[in-house]
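S.K.: structure for the following, please:
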Amino acid sequence: MHLVNSFFITFFIMNTLIIFDFNTHSNLSNWVILDDVVMGGKSNGTFKLDDNGYGVFEGSISLENNGGFSSLRYQPNTIDISKYKKIKLHIKGDGKRYQFRIKSNKYNRYTYTTYFQTSFEWQTIEIVLSELTPTFRGRKLNLPNFSGNRLEEIGFLIGNKKNESFKLMLDKIELE
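M.R.: So this is what the prediction gives:
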């Protein structure tokens, strides 16, 4: 019986790849904030580790000067994702809707996106890679859904077309 349990535990671990596991020693140098200030807006996002080692993406969204979004991007070394079907986000939100984004080539101008709703509790959001749709500046493109074999950028964006504060806590991001 122990051999069978050991096999299933090993099989499960081998089929999961951690992209980022936040802790008090995490290096956030490859995480970048991009707000609507690049277009003259006034939104303001920040990203830091809290005392418990969680990544905290928070700030305020302003619609002033045609603004309205804040985003957080992470560019890991290229990851082969050909063996994985979904991304799992271990997060705690503020009850707001966020957009999750990935790129198979960090130089592409478009991203593959989906939306997820947060709660005020820790939750695991599962995103099927093949269901991510291509978008550019909020517009869906006439291209196939994500079918890439590599991952070069992941990101989060909030832009709900209203003035609001936001806070999204990140614990772990993994492929399965």
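S.K.: any stretches of the chain with poor pLDDT?
M.R.: Applying pLDDT under 70 to the chain picks out residues 1-14.
S.K.: one more time with 90
M.R.: For the chain, applying pLDDT under 90 flags the ranges 1-15, 38-39, 137-138, 148.
S.K.: okay, helices next: where are they in it?
M.R.: Using DSSP state H, the helices of the chain run over 2-14.
S.K.: ok, and what's touching the longest strand that it contains?
M.R.: What stands out as the longest strand in the chain, according to DSSP state E, is strand 164-175. With contacts defined as Cβ atoms under 8 Å, 6 or more residues apart in numbering, strand 164-175 is touched by 16-22, 45, 50, 54-61, 70, 79, 81, 84, 86-94, 96, 98, 118, 122, 151, 154, 156, 158. Every residue, glycine included, has its C-beta placed from N, CA and C.
S.K.: of these, just the buried ones, PyMOL syntax please.
M.R.: Applying 16 or more other Cβ atoms under 10 Å to the contacts of strand 164-175 leaves a buried subset, and the PyMOL line that selects it is:
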select buried, resi 17+19+20+22+45+54+55+56+57+58+59+61+70+79+81+84+87+88+89+90+91+92+93+94+96+98+118+151+154+156+158
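S.K.: which ones among the contacts of strand 164-175 lie within strands?
M.R.: Using DSSP E, the contacts of strand 164-175 in strands are 17-21, 45, 55-61, 70, 79, 86-92, 98, 122, 151, 154, 156, 158.
S.K.: and stretch 87-100, end to end?
M.R.: 10 Å (Cα to Cα, to the nearest Å).
S.K.: swap in stretch 102-116?
M.R.: 14 Å.
S.K.: buried stuff in it?
M.R.: Of all the residues in stretch 102-116, those buried under the rule 16+ other Cβ under 10 Å are 102-104, 110-114, 116.
S.K.: make TSV from those residues and add distance to N30 to it.
M.R.: What follows is the buried residues of stretch 102-116, written out as TSV (distance: Cβ to Cβ, whole Å):
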residue	distance to N30
I102	15
K103	14
S104	17
Y110	21
T111	17
Y112	19
T113	20
T114	22
F116	22
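S.K.: tell me the one of the residues you listed nearest V37?
M.R.: T111 (19.3 Å; Cβ to Cβ).
S.K.: I'd say that closest one and S104 touch.
M.R.: No - using Cβ atoms under 8 Å as the test, T111 is too far from S104 to be in contact (9.8 Å).
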